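Student: Next comes the sequence, and after it the predicted model I'd like to discuss.
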Amino acid sequence: MIIGVPKEIKNNENRVALTPAGAAEIRKHGHTLYVQTNAGVGSGFSDEDYRTAGATILPTIEEVYGIAEMIIKVKEPIAQEYNLIKENQLVFTYFHFASSEELTHAMIARKAVCLAYETVEKADRSLPLLVPMSEVAGRMAIQEGAHYLEKPLKGRGILLGGVPGVPPARVLILGGGIVGTQAAKMAAGLGAHVTIMDVSLPRLRYLDDIMPANVDTMMSNEYNIRDRIKVSDLIIGAVLIPGAKAPHLVTRDMLKMMRPGTVLVDVAVDQGGCIETCKPTTHENPTFIIDDVVHYCVANMPGAVPYTSTLALTNATLPYAIQLANKGWQKACRENIELQLGLNVVKGEVVYKGVSEAWNLPYTEVTDVLQTATV
Ligand SMILES: NC(=O)C1=CN([C@@H]2O[C@H](COP(=O)(O)OP(=O)(O)OC[C@H]3O[C@@H](n4cnc5c(N)ncnc54)[C@H](O)[C@@H]3O)[C@@H](O)[C@H]2O)C=CC1
Ligand SMILES: CC(=O)C(=O)O
Ligand SMILES: [Mg+2]
């Protein structure tokens, strides 16, 4: 198969979809690999590193999209990239369709095969291609939150861990999955008082068992959320309903109940956000303020720590990319249900329920497109 790796062009997105080690693996399986010049520089990999691994370097993004049967990238395509995507081209990346109607319609129109990292799912319901970036974003959420709690950045001016004789800050985490767990570990390690809310009792039981004494758990419901936001200094949005729009757990009216300088970090912004007033921001301009409450809503948080994120992401994606390259997408998706669940939009058809529901679009069973697929 002919595989292309473009350079990411989203704001401050420094990750790349394939390391030189991954490139060598792909070449070992007999595939042809084109990498756009400087695609890896943000993550510390030079064109020469990719050439040594057997890839051919192409000077422009147009050439990469033009030649490849499969594009492997990191972030969802942005407007500048829509028209580069060809009919029947397999695009393996994060899409987060439920948060962008425009992207959904663009990919339907391009008739591409869109296999989304974030909905590839294992039998135990875990999301193997989301986990590594959620680990990064969960840990980052606390360092960003601590930073924006500082007074010069319009925060409350409170130190997460407090000091002897002065109580620590209170951190509320909505969603105790991967992001929530990693955030709780970081916040607890710094000495903050942490509350994790989730709707899953088994998950709360597990967290209660493994977390240190300065972490408590609570059932997630509107009553409890309204109660806790009044006393929380830092609130982390970390809920997920896979492939679907995030529910708004913190509504506009609740901001008035918070203290001035409270910081909200809505990590779930890439699925539309679980805080109603969150709108996607960039690393260049990460925050905005409503009702004296600081909102941090960067949709590609791991892009700021590419030396960690690129390695963590490609550790997880490479085995799936190799299956797709070796077998072609139809055979690979027929034989591996995990990959099949990653199919979201295929040749103009929406084949993922959460996406069809988010935008009120007709839904086609994924098995229908797998049966009729000819390319
Ligand atoms: N902004 C960014 O750069 C990044 C964002 N993310 C996003 O972070 C979000 C969370 O991801 P993960 O932690 O991997 O998901 P996960 O599936 O591991 O955890 C989600 C948790 O939310 C819980 N939940 C569902 N409804 C809830 C409710 N009403 N109240 C409280 N909890 C509820 C679930 O029970 C589950 O434990 C996703 O939207 C993901 O895409 C992940 C990585 C980077
Ligand atoms: C998961 C995701 O959206 C990211 O890593 O940017
Ligand atoms: Mg994101």
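Tutor: Everything's here; your move. Ligands and ions are numbered 1, 2, ... in the order given.
Student: which residue packs closest to residue 276, ignoring adjacent ones?
Tutor: residue 248 (4.3 Å; Cβ to Cβ, 6 or more residues apart in numbering). Backbone N, C-alpha and C define where each C-beta goes, glycine included.
Student: That neighbour against residue 278, yeah?
Tutor: No. The pair residue 248 / residue 278 is not scored as a contact, 9.1 Å apart, by Cβ atoms under 8 Å.
Student: higher neighbour count, those two?
Tutor: residue 278 (25 against 17; other Cβ atoms under 10 Å).
Student: Report the contact partners of the more buried one.
Tutor: Counting by Cβ atoms under 8 Å, 6 or more residues apart in numbering, residue 278 touches 237, 264, 266, 269, 295, 297.
Student: Assumed residue 91 was part of a strand.
Tutor: Yes. Counting by DSSP: H, G, I helix; E, B strand; the rest coil, residue 91 falls inside a strand.
Student: burial count for it?
Tutor: Number of residues near residue 91 (other Cβ under 10 Å) recorded here: 25.
Student: Looking only at residue counts, what's the top helix in the protein?
Tutor: Criterion DSSP state H: the longest helix present in the chain is helix 306-327.
Student: Quick one: list the elements packing against it.
Tutor: helix 20-28, strand 70-72, strand 90-93, helix 131-148, helix 329-335, helix 337-340 (3 or more Cβ pairs under 8 Å, 6 or more residues apart in numbering; DSSP states H and E).
Student: what about the fourth one and ligand 3, any contact?
Tutor: No. With Cβ under 5 Å from the ion as the threshold, helix 131-148 lies outside contact range of ligand 3, at a closest distance of 7.3 Å.
Student: quick check: mean pLDDT across that helix?
Tutor: For helix 131-148, mean pLDDT rounds to 98.
Student: With distance to residue 42 as added columns, please give the helices and strands packed on helix 306-327 in JSON lines.
Tutor: Shown next, in JSON lines, are those (distance: least, Cβ to Cβ, whole Å):
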{"stretch": "helix 20-28", "distance to residue 42": "14"}
{"stretch": "strand 70-72", "distance to residue 42": "16"}
{"stretch": "strand 90-93", "distance to residue 42": "16"}
{"stretch": "helix 131-148", "distance to residue 42": "15"}
{"stretch": "helix 329-335", "distance to residue 42": "28"}
{"stretch": "helix 337-340", "distance to residue 42": "28"}
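Student: Can you show me the CA trace of stretch 168-185 as CSV?
Tutor: Presented in CSV, the C-alpha positions along stretch 168-185 are these (Å, rounded to 0.1, in the frame of the first residue of the first chain):
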residue,chain,number,x,y,z
PRO,A,168,-4.9,23.2,49.8
ALA,A,169,-7.1,24.1,46.8
ARG,A,170,-10.1,22.0,45.9
VAL,A,171,-10.2,20.2,42.5
LEU,A,172,-13.4,18.8,41.1
ILE,A,173,-13.1,16.2,38.3
LEU,A,174,-16.1,15.4,36.2
GLY,A,175,-15.6,12.0,34.7
GLY,A,176,-13.3,9.4,36.3
GLY,A,177,-12.1,7.6,33.1
ILE,A,178,-8.6,7.9,31.7
VAL,A,179,-8.4,11.7,31.7
GLY,A,180,-10.0,12.0,35.1
THR,A,181,-7.8,9.4,36.8
GLN,A,182,-4.6,10.9,35.5
ALA,A,183,-5.7,14.4,36.5
ALA,A,184,-6.7,13.1,40.0
LYS,A,185,-3.3,11.5,40.5
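Student: quick one: is it near ligand 1?
Tutor: Yes. Counting by Cβ under 6 Å from any ligand atom, ligand 1 has neighbours in stretch 168-185: 174, 175, 176, 177, 178, 179, 180.
Student: Give the closest residue to the residue in the chain that ligand 2 sits nearest to in space, chain neighbours not counted.
Tutor: Closest residue of the chain to ligand 2, Cβ to the nearest ligand atom: residue 133 (3.4 Å). Of all residues not flanking residue 133 in the chain, residue 302 sits nearest, at 4.8 Å (Cβ to Cβ, 6+ apart).
Student: so that neighbour makes contact with residue 311?
Tutor: No. In this structure, residue 302 is not within contact of residue 311 by Cβ under 8 Å, at 11.0 Å.
Student: Compare those two and say which is more crowded by neighbours.
Tutor: The residue with more neighbours, out of residue 302 and residue 311, is residue 302; 25 against 16, by other Cβ under 10 Å.
Student: for the more buried one, phi and psi?
Tutor: phi -60, psi -20 (degrees, to the nearest 10).
Student: so how far is ligand 1 from it?
Tutor: Counting by Cβ to the nearest ligand atom, to the nearest Å, the gap from residue 302 to ligand 1 is 6 Å.
Student: residues near the residue of the chain found nearest ligand 1, how many?
Tutor: Going by Cβ to the nearest ligand atom, ligand 1 is nearest to residue 177 of the chain, at 1.7 Å. If you count neighbours by other Cβ under 10 Å, residue 177 ends up with 20.
Student: Can you classify the closest residue to it other than its chain neighbours as helix, strand or coil?
Tutor: Computed as Cβ to Cβ, 6+ apart, the closest residue to residue 177 that is not its neighbour in sequence is residue 240, at 6.1 Å. Here residue 240 is recorded as coil under three-state DSSP.
Student: residues touching residue 240, list them.
Tutor: Counted by Cβ under 8 Å, 6+ apart, residue 240 has contacts 175, 177, 179, 246, 268, 271.
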